[in-house]
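Q: Sharing a sequence plus its predicted fold:
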Amino acid sequence: MKKVPLRQCIGCGEMKSKREMIRVIKTPENEILLDATGRKNGRGAYLCPSMECLKKAVKGRGLERSFKMAISPEVYQVLEKEMEKLGEQE
């Protein structure tokens, strides 16, 4: 039996398999991006693929804690737009 890697959502705090989650990364250039492939370089944090969890992460400052840096509101708006695009594709 193969071991399934689990990750904790920074929004709701639920543990889920890595494949069910969306990875948010901080690149070495301090950019915050959604990593749909899960293979880009950078420090990663995981979110459930729902707007609700993204809103909880914003309110609870989950991304700021994960990346140990302040995150501007513009970055959150970009993440929201990207999350909506991912929702349309499914």
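A: Sure, I can see it. Nothing here was measured: the structure is a model prediction, and the numbers come from that model. Numbers count the residues shown, from 1 in each chain.
Q: buried ones in stretch 16-25?
A: For stretch 16-25, the buried set under the neighbour-count rule, 16 or more other CB atoms under 10 Å, comprises K16, M21, I22, R23, V24, I25. Where you see a C-beta, it was placed from the backbone N, CA and C, and this is true even at glycine.
Q: which residues does the fourth one contact?
A: Contacts of R23 were listed using CB atoms under 8 Å, 6 or more residues apart in numbering, and they are L34, D35, A36, G38, K40, G44, A45, Y46.
Q: Which residues are in contact with the residue most central in space within the chain?
A: Nearest to the mean C-alpha position of the chain, by CA atoms, centre = their mean, lies V24 at 3.5 Å. By CB under 8 Å, 6+ apart, the contact list for V24 reads I10, I32, L33, L34, D35, G44, A45, Y46, L47, L63, L79.
Q: List the beta-bridge partners for it.
A: V24 has these beta-bridge partners by DSSP bridges: L34, A45.
Q: among the buried residues of stretch 16-25, which two are most distant?
A: The most widely separated members of the buried residues of stretch 16-25, counting by CB to CB, are K16 and I25 (17.9 Å).
Q: Among the contacts of R23, which pair sits farthest apart?
A: Of all pairs in these, the most separated under CB to CB is A36 and A45 at 14.4 Å.
Q: Which one's more surrounded, the two?
A: Between A36 and A45, A45 has the larger neighbour count (other CB atoms under 10 Å), namely 22 against 13.
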